[in-house]
Structures are given as structure tokens and as C-alpha cells.
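Student: Got a predicted structure here, sequence first:
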Amino acid sequence: MLGGALIFLGWLLWRTWHGLTPFIIGVVLAFVLMPLVDGLNRFLPRALAILLVYILLIGAGAAFVLYLLPIIVEQSKNLINNTPSYANETQNWLNQTFKEVQQSLPKDFQQPFTDSINNFSTNAVNFVRDAIIGSATGLIGWLFGTIGFLVGIFIIPFWLFFVLKDKARGMRTFYNVIPPKMREDAYRLVRIITDDLNSYIRGQLFVAASVGVLVTIGLLIINFDASTAIFLGFIAGLFEVLPIVGPILGAIPAVVVALFTSGFGNVDLALKVVLVFLVIQQIEGNLLIPKIAGDSTKLHPAVVMLVIIMGSEVAGLPGAIVAVPFSALARDLYIYLYQRLVLGASPLEAESKVPSRADDIALEKKRQLQRQLKRSAAQANVPAPEIVSTPALIEPEPEPAGDDEQPRPPGQEKAPEEITVGQYIDAS
């Protein structure tokens, strides 16, 4: 029955993929907004907290439409209108450079050189044209391919409200339909999946917004006009959703605009733009990603580049965007299942081996042991020591799950262990 249900569900998702695009966007919004709703839920009823978040979201959207969207539209029109002149100026420069190089070659090499350059330029132009047209057509078709997308746009705000409001109830229902022996594993797997997606989505969005603001400020400093700086900052922020290659692609429009400012060949301004992006990349690589994004995927850069190319080949731009988090998720699920099914580790031990959960598990262990030390120290009327190093693996103490917390699976609550003398001495 379970196998048949999974096959039917997979077929159904495959057939309705385009219509579910708004709900994919809704899931991303749920991951982004859930921590804010949970935080406000500590002081307000959950429904009121969600309404307050909606008001803030609508206000931010209105500000974007009123102030930023006109600038983006106007600059996009200017860029499209100026593209023919950019192409002509570039072509003239290339022709002049080509003639100078050709004249410097021996006569026997001039014709082969000319043929090679012509073939290369023709192939390059065709490749860029096909890539732009194919990406734009595929993205538009992916977004607006079915009437289900338009219907989903109107449904998403209501659907998202109920998802945010009934998170705890939904998780309890989910655990109740799972056999009791599998509930602890289900709980751990849900934590792994939500942790991977949460950290990646929020980290990437925050880094993208930060890079967009920094690019705008940097371009203003080197005397770009405000509207152009905002537009190029917006473009750079959009490209940040692509790891590794995104920052390079985001810098290209700004360099091109700088080259054509006050006529073709403004190399000084282009070099200043390159310097601005190099400084921002240093800030991003040494501060934003390690401290804010937290290197959430913990994938090697070489692996990241490979999976981005593979994802783009499979599903175009959407595939390139989701390739990295799904690769990290597949790695973590494999490690957990290998620890459980092959090595026979406990659910907690298996989760502690997962790269995305190892640090959180260590922090949980430290907090658990610290609470036990404080209780034992209070009973003995002595000061409680502060834990410096990571303690040995112990089962985490269960805490009551409120509306703002994901509940533990039913039947898996465990009584807290008493602190031992050895653990007390080690922590001291």
C-alpha cells in the first residue's frame, strides 16, 4: 500500500508540476517567514503574529513597487534600447583591432587567421543568442505554462496562512500516521531536511540582499547615477542565488555599462567597477557567507560547480538554482541512513554525523549538560561550572513543544538523565 501510494504521488506531482509552481514559491516563503512568526508568537497569538508578518510583507512589496520597480523598468528599457549601439561600437572596435593584428601577421597567415576569427565570432554570437532566448523562453514557460499557476497565485496567501498557523498540529498529525518504531527516525529526518532548506534559503536570500545593497553603495561612490546603481545592484543581488558563478555573472552587466559610459572604451570606470566587485567579493567570502549564511551546504566548491552545471543541463535555470541544496540534502540523508541501517547507530548518533546537523547537535548537548549541571549544583549548593568543550553524547532532554516549536514525535519523549560525577568533573 505504501509503495503504491508513493508511486501514485510521484506520478501526480509529475503531471501537475507546472501548476504547483506557486506552491513551491509558497514553501520558500514559509521557510523564510516561519522564524519571524515563531518569534512574534511568544508575545502575540499565532494568528495575530501571522497577520502582522503579512502587513510587514505587504508594506515591503508596496515599497518595492512604488520606488524600486519603476527604476528597474526604466533602466531595463534603457539597456534594451542602447544594446544596438553597444553592439555597433563593440563591432567597430573589434574590426579595428582585427585589422591591426592582421596587418602585423605574415601574408601566409592572414587568410587562415581571418577565417578562424569569422568562424569563432559566428559561433559565439549564435551561442549567446540561443542561450539567452532558450533561458528566457524556458523560464517564462516554466512559470506561466498552465492556468494552474494563475489560480495558485490567488490561493497562495490563504494557503500560506494555514501552513504558518497550524505547523505544530500538522507535524503531530504527520507523526501519528507513522508506525511508532519509525517515529524517532522520521523526526530526525524531518529535522535534517528542514535544517538544510532553512539554512540555505535564508542564508542565500540574506547574502543576495546584502550584496545588492553593497553593490549599489559601491557604484554610487564611483559616481554612477542613483538609478543605474540601484538597477545594477538589483541585478547583482539576483545573480547571487547561483553559488560560485553568480557573483561573476552579476558583475558583467556593471562592467559592460561602465565600458559604454561616455562612449565605448571607458576603461578607467570599468576598472573601478571591477575593483568595487573584488572588494565586495572579499566581504562576501570572509564575512557574509561564513557568518550569516554559515556555509550552510558544506559542499566543496568543486562539487558545487559540477552540480550547478548538471542541474542547468537537466532543468535550465531552475535546475541550476536548486542543484546545490538538493545535493546537500541527498548527501545528508545518505549519511543518516548509512549510519542507521549499516552501522547500527542510534537516531541521535546518526543525526550527529550529518554535516548540516553536527554543530547544532553539539550545541544541544552542551545546553543539556549545562542545565543538568545547574540542577545538580543547586542541589549541592555549589556554583555550576561553565562548559567549554563539547560534552560526550547524551540524549537531549525533551522540552514541551509550543505553537512556535516543532513537536517531538509521539511516544519518543525520554526522561532526563541524572548528571554523573564524572561528567561534573569533566565540565569543571
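Tutor: Structure received. Residues are numbered from 1 along each chain as shown.

Student: Quick check: which helices or strands does the top helix by length along the chain pack against?
Tutor: If you go by DSSP state H, the chain has its longest helix at helix 301-341. On a contact count with 3 or more Cβ pairs under 8 Å, 6 or more residues apart in numbering; DSSP states H and E, helix 301-341 meets helix 107-144, helix 183-221, helix 347-352, helix 355-380. From N, CA and C alone the C-beta is placed, and that goes for glycine too.

Student: hey, least reliable of the ones you listed by pLDDT?
Tutor: Here the lowest mean pLDDT among the helices and strands packed on helix 301-341 goes to helix 107-144, at a mean of 62.

Student: model confidence over the longest helix of the chain, on average?
Tutor: Per-region confidence: helix 301-341 scores 84 on mean pLDDT.

Student: now swap in stretch 81-91 and tell me
Tutor: pLDDT averaged over stretch 81-91 gives 69.

Student: mind listing the helices in the stretch 151-300 of the chain by residue range?
Tutor: Assigned helices in the stretch 151-300 of the chain, in chain order: 167-176, 183-221, 226-239, 246-259, 267-283 (criterion: DSSP state H, counting those that start in this stretch).

Student: ok now the third one, how far from the chain's centre?
Tutor: So that's helix 226-239. In terms of Cα atoms, centre = their mean, to the nearest Å, the centre of helix 226-239 is set 19 Å apart from its chain centre.

Student: and what of the shortest one?
Tutor: For helix 167-176, the distance between its averaged C-alpha position and the chain's averaged C-alpha position is 26 Å (Cα atoms, centre = their mean).

Student: and the helices of the stretch 151-300 of the chain, which is most packed in?
Tutor: Stretch with highest mean neighbour count among the helices of the stretch 151-300 of the chain: helix 226-239 (a mean of 21; mean count of other Cβ atoms under 10 Å).

Student: and the angle for that one with helix 246-259?
Tutor: Calculated by axes from the mean of the first three to the mean of the last three Cα atoms, to 10 degrees, helix 226-239 forms an angle of 160 degrees with helix 246-259.

Student: From the contact counts, what lies against helix 226-239?
Tutor: In terms of contacts (3+ Cβ pairs under 8 Å, 6+ apart), helix 226-239 is packed against helix 69-104, helix 183-221, helix 246-259.

Student: For the helices of the stretch 151-300 of the chain, give me JSON lines that also has distance to residue 31.
Tutor: Converted to JSON lines, the helices of the stretch 151-300 of the chain look like this (distance: least, Cβ to Cβ, whole Å):
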{"stretch": "helix 167-176", "distance to residue 31": "11"}
{"stretch": "helix 183-221", "distance to residue 31": "5"}
{"stretch": "helix 226-239", "distance to residue 31": "19"}
{"stretch": "helix 246-259", "distance to residue 31": "20"}
{"stretch": "helix 267-283", "distance to residue 31": "25"}
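
Student: Those helices: which one's closest to residue 103?
Tutor: helix 267-283 (23.3 Å; Cβ to Cβ).

Student: hmm, who's touching that closest one?
Tutor: With contact meaning Cβ atoms under 8 Å, 6 or more residues apart in numbering, helix 267-283 is reached by 211, 214-215, 218-219, 221-222, 236, 247, 250-251, 254-255, 258-259, 261.

Student: angle of it against helix 226-239?
Tutor: Orientation of helix 267-283 against helix 226-239 (the same axes, to 10 degrees) gives an angle of 40 degrees.

Student: So for helix 267-283, mean pLDDT?
Tutor: 85.

Student: for stretch 26-36, same thing?
Tutor: For stretch 26-36, mean pLDDT is 82.

Student: how far is that stretch from where the chain is centred?
Tutor: How far stretch 26-36 lies from its chain's middle: 12 Å, per Cα atoms, centre = their mean.

Student: Could you list the buried residues of it?
Tutor: 26, 27, 29, 30, 31, 33, 34, 36 (16 or more other Cβ atoms under 10 Å).
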